[in-house]
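In: okay, structure incoming, though there's no sequence with it:
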C-alpha cells in the first residue's frame, strides 16, 4: 500500500463522517423545524393547553432547537436512541433484532444478485446485439418501470397462492431454524433480487463495453486472441473497479428497496418499523431509523468509492 | 413524421394517450361513481363490472379511471414543480457562479446523500397529509436531480461564444438564461422530463402503497394496491390490476422518452 491510496482513502472517510453529521442535522431539522408539534401528536387534538404545556416541559421541547439537537446527537453517539412516543419502548432495543433481519434479507438478495448480474452482464457483452443482450435491455426497461409491489405481489400470487411453494407472509422469530428462515424469506429475497438485478446488469455491461472499446483491447483482438481470453485476461482486471462500484451503488439502492418489500411481505425489519411509525407520527423513532438508513447508505457509497480507488490499477502501481 | 415512429415508441404513445384521456375525461367515461358501492366485495370480472369489484364492493374499472386522474394529476404537478425549481436554480447557479453556486450545490449534494424515499418518510411524519404537502415534498426532493443536470448543461453552454457575445452586448441575466441557455438546453431536458415523470409516478405509488400518500376515500393506483392487497392471499388478483397499470404507464412513457431522445440527438447530426 502506497501513500497516495492511503491519503485518498483517508480523505473519503473524513468526507463521509462530515456528510453523516450534516445528514443528522438535516434529519433533525426536517422533523423539528417544520410545522408540527410532538406534544400535540401524542395527546391528540382534544388536549387541554395545560396538558400540552406540561408535556412540552417534560420532553424538553421548550429548549432551543440547537440544544435539543446536541442532546439527541449525544444520545445517538452513546447508543441511546430515546424512547418511542407511541409505545414508550426503548428504541435501540426494538431496533436491534429488526436491523439484523433487514441486513440478513439484503445480504441474501445481494449474494444471489451480484454474481448473477456480473455473469449476465459479461454474457451481454460477449453476445453483443444478440438475443441475450436484447433480453437484458428489455429486462432493464421492465425493472426500472415496474413498481416494487407489482413484482412482489406477482410472486405472492403465483408462488404462494397458486402453486403454494413458499409462504406469502415472511414470519421470522428468534431461534428459528436456519433452513426454515431461508424458506420464509425466499419470496422477498427473489423480489429484491429482481428489483436490483437488471440495473446492476446494465451498469456492468456498460462498464465492460466501455473497456472493450479501448486501445489495449483492440490490440489484443488484432493479436488474434479469442473473445473470452480478451475478456478474462485484458478487460476483467481493469473492469474490477467499475464493477465493484456498480455493486456497491446497487447495494445502497437495495437498502432503500427493502422498505417497500418488507411491507409487502410483512417482514419484521427496519423498513416496516419505519413505515409504521411514520403513520403514527412517532418522531423519535422516525429520526432514529431514518438516520440509520442514511448511515448505511452513505457508508456503502463511501465503500464503493474506496473500493474503486483500491482496485484502480493506475493508483495501485503509481509511477 | 408520424410514419417514421418505430413500433415500440408508437405503442408507448398510444398507451400514454389512452391513460391521459382516461385521466382527463374520468367523470364521463367511468361507468360508476368513484366511491359508489355497487356490488359485493371482490366480485370477479363480469359484463356488468369489467374488472370486477374492489375490497368494499366498488367498481374496479371506475376506480381505476378516477385513480388515473389522481395519479397523473399529482405526478404532473410534482414533475412541473421539480423542473421549474431545479432548472431555474440550476441555470442561475451556472450563470451566477460564486457562493450562490457553491452553497446550492453542496446543499443538493447533502439532500442526495439521503435516499429520497427515506427522507420523504422522515418529512411526512411531521407534515399534514394533504395533496399540497405531497406535491411539494415530491417536487422539491426530485428537483435536486433536475438541478444537477441543468446546471451541468448550462455550465457547458455558458462558455460558448454566443453567450460571451450576448454578455458583451450588455444583455441582462434574464436574456442570457431564457434566450441563450434555455433553447440550447431544451432537448436533453425534455428527455429527462419523461424519466422524472416516471419516477414521480413510481414514487407517488410507493408512498400511497405505504399509506402515506393520497388518503382514503380518494385513491391513486398505489393506494388501490394497498386497499386490495389483502385479497391476494385468497387468490384474488384485484391488487395486481392497478399495479400493472402503473407498470404499463411507466413503460409507455419510457419508450416515448427513449424515442424523443434518439430523435433529438440524431437531429443534431452527431454533435452530441
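Out: Here it is on my side, so go on. The shown structure was predicted, so the numbers you read here are calculated from the model rather than taken from an experiment. Numbering: from 1, shown residues only, chains lettered A, B, ... in the order given.

In: close to chain A, is stretch B:79-95?
Out: No - judged by CB under 8 Å from any CB of the partner chain, stretch B:79-95 and chain A are separated, with a smallest distance of 15.9 Å. No exception for glycine: its C-beta is placed from N, CA and C like everyone else's.

In: and that stretch, what's buried?
Out: Within stretch B:79-95, the residues scored as buried using 16 or more other CB atoms under 10 Å in any protein chain shown are B:79-83, B:85-95.

In: quick one: mean pLDDT over the helix or strand hosting residue A:255.
Out: Using DSSP states H and E, residue A:255 falls within helix A:236-264. Helix A:236-264 carries an average pLDDT of 81.

In: by contact count, what packs against it?
Out: Judged by 3 or more CB pairs under 8 Å, 6 or more residues apart in numbering or on different chains; DSSP states H and E, helix A:236-264 is in contact with helix A:91-126, helix A:148-155, helix A:186-212, helix A:270-279, helix A:283-311, helix A:313-316, helix B:116-124, helix B:182-209.

In: those helices: which one's closest to residue A:244?
Out: Residue A:244 lies closest to helix A:283-311 among the helices and strands packed on helix A:236-264, at 4.3 Å (CB to CB).

In: which bits of the stretch 101-250 of chain B sit near chain A?
Out: Taking CB under 8 Å from any CB as the criterion, the neighbours of chain A within the stretch 101-250 of chain B are B:110-111, B:113-119, B:121-128, B:198, B:202, B:205-206, B:209-212, B:222, B:225, B:229, B:232-235, B:237, B:239-240, B:243-244, B:246-247, B:250.

In: buried ones from these, can you make that a ChimeraX selection?
Out: A single ChimeraX command selects the buried members of these (16+ other CB under 10 Å):
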select /B:111,113,114,115,116,117,118,119,121,122,123,124,125,126,127,198,202,205,206,209,210,211,212,222,225,229,232,237,239,240,243,244,246,247,250
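
In: residue B:46 against residue B:52, yeah?
Out: Yes - Residue B:46 is in contact with residue B:52 according to CB atoms under 8 Å; the separation is 7.3 Å.

In: more neighbours: the two, which one.
Out: Taking other CB atoms under 10 Å in any protein chain shown, residue B:46 and residue B:52 do not tie; residue B:52 has more neighbours (21 against 11).

In: verify the contact between the more buried one and residue B:42 for me.
Out: Yes - Residue B:52 lies in contact with residue B:42 (CB under 8 Å); the separation is 6.8 Å.

In: shared neighbours of those two, which are they?
Out: Residues touching both residue B:52 and residue B:42 by CB atoms under 8 Å, 6 or more residues apart in numbering or on different chains: residue B:238.

In: and residue B:42, what does it touch?
Out: B:52-55, B:228, B:231, B:236, B:238.

In: nope, residue A:133 is what I meant
Out: Listed by CB under 8 Å, 6+ apart, the contact partners of residue A:133 are A:124, A:127, A:205.

In: separate out the buried members of the residues you listed.
Out: A:124, A:205.

In: tell me which of the contacts of residue A:133 is nearest to chain B?
Out: Nearest to chain B among those: residue A:205, at 16.9 Å, using CB to the nearest CB.

In: wouldn't the closest one be in contact with residue A:126 here?
Out: No - between residue A:205 and residue A:126 there is no contact under CB under 8 Å: 10.2 Å.

In: the contacts of residue A:133 into JSON lines, with extra columns for distance to chain B and pLDDT?
Out: Formatted as JSON lines, those follow (distance: CB to the nearest CB, whole Å; pLDDT from 0 to 100):
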{"residue": "A:124", "distance to chain B": "18", "pLDDT": "83"}
{"residue": "A:127", "distance to chain B": "21", "pLDDT": "80"}
{"residue": "A:205", "distance to chain B": "17", "pLDDT": "83"}
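
In: please, which helix or strand holds the spatially closest residue to residue B:208 that is not a sequence neighbour?
Out: Using CB to CB, 6 or more residues apart in numbering or on different chains and skipping residues adjacent in sequence, the residue nearest residue B:208 is residue B:222, 3.4 Å away. Here residue B:222, judged by DSSP H and E, is contained in helix B:221-228.

In: distance of the residue in the stretch 1-150 of chain B positioned nearest to chain A relative to residue B:143?
Out: At 3.5 Å from chain A, residue B:126 is the closest residue in the stretch 1-150 of chain B, using CB to the nearest CB. Residue B:126 sits 21 Å away from residue B:143, going by CB to CB, to the nearest Å.

In: list, one by one, the residues from the stretch 151-300 of chain A near chain B.
Out: So the stretch 151-300 of chain A meets chain B at A:153-154, A:156-157, A:160-162, A:168-169, A:252, A:255-256, A:259-260, A:263-264, A:274-275, A:277-279, A:281-283, A:286-287, A:290, A:293-294, A:297-298 (CB under 8 Å from any CB).

In: among those residues, which ones are buried?
Out: A:153-154, A:156-157, A:160-161, A:168, A:252, A:255-256, A:259-260, A:263-264, A:274-275, A:277-279, A:281-283, A:286-287, A:290, A:293-294, A:297-298.

In: okay, which residue is most central for the chain?
Out: Since no chain was named, I'll use chain A. Chain A has residue A:255 as the residue nearest its centroid, 2.0 Å off, counting by CA atoms, centre = their mean.

In: wait, chain B was what I had in mind.
Out: Closest-to-mean residue, chain B, CA atoms, centre = their mean: residue B:197 / 2.3 Å.

In: noted, bye for now.
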